[in-house]
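In: got a predicted model here, sequence first, then my questions.
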Amino acid sequence: MTGHRILVVEDNERNLKLVRDILSFAGYEVIAARSGEQGVDLAREQRPDLVLMDLQLPAMDGVEALRVLRDDPDTRPIPVVAVTAFAMKDDRDRALRAGFDGYLEKPINVRAFPELVRGFLHSKEDPA
Ligand code: MN
């Protein structure tokens, strides 16, 4: 275990399983939400160290869920990274404008993913 808890918000079961497997294998504690609403609830209850947020979610999408998390002083400090489809350049631009701490691209690169995630954890903890 790395001691870090990561919340994955993803409505696609196959993507969710892949990300969960990769992060669990890398030693992270993984919690999963399948909607924006559930993601917000779990972030408030479980205080993850990082949220990986799919942008395309039914009902409350990733941008709206980010807004709710940033409006709440309790969840505001949690870094939130958008997970966007590689082809959707508009999504990446939208994510950065919306205030996400960064983005990761789908399809997930299994070998590179843990290192990319680690970078988002460290960027908050070690500003240097
Ligand atoms: Mn989705």
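Out: That came through fine. Residues are numbered from 1 along each chain as shown.
In: measure Glu105 to Arg67 for me?
Out: Separation of Glu105 from Arg67 (Cβ to Cβ, to the nearest Å) stands at 22 Å. No exception for glycine: its C-beta is placed from N, CA and C like everyone else's.
In: what helix or strand does the residue nearest the centre of the chain sit in?
Out: If you average the C-alpha coordinates of the chain and look for the closest C-alpha using Cα atoms, centre = their mean, you land on Leu52, 0.7 Å from that point. Using DSSP states H and E, Leu52 sits in strand 50-54.
In: quick one: residues in contact with that strand.
Out: 4, 6-12, 15, 19, 39, 43, 62, 65-66, 69, 78-83, 100, 104, 117, 120-121 (Cβ atoms under 8 Å, 6 or more residues apart in numbering).
In: also near the ion: which of those residues, exactly?
Out: Of the residues in the contacts of strand 50-54, proximity to the ion by Cβ under 5 Å from the ion holds for Asp11.
In: and the contacts of stretch 77-84?
Out: 10, 19, 43, 47-55, 62, 66, 69, 91-92, 95, 98, 100-106, 117, 120-121, 123-124.
In: could I get the phi/psi values of Met60?
Out: phi -70, psi 110 (degrees, to the nearest 10).
In: the residue lying closest to it once chain neighbours are set aside: neighbouring residues, count only.
Out: Excluding its sequence neighbours, the residue lying closest to Met60 (Cβ to Cβ, 6 or more residues apart in numbering) is Gly36, at 3.2 Å. Gly36: 26 surrounding residues under other Cβ atoms under 10 Å.
In: again with Arg92
Out: Neighbours of Arg92 (other Cβ under 10 Å): 18.
In: now do Gly39
Out: 30.
In: now do Leu57
Out: By other Cβ under 10 Å, neighbour count at Leu57 equals 23.
In: pLDDT on the helix or strand just after the strand holding Leu52, on average?
Out: On the C-terminal side of strand 50-54, the closest following helix or strand by DSSP H and E is helix 62-71. Averaging pLDDT along helix 62-71 yields 97.
In: quick one: buried residues of helix 62-71?
Out: Gly62, Val63, Ala65, Leu66, Val68, Leu69, Arg70 (16 or more other Cβ atoms under 10 Å).
In: from the residues you listed, pick the one nearest the ion.
Out: The closest of the buried residues of helix 62-71 to the ion turns out to be Gly62 (Cβ to the ion; 8.3 Å).
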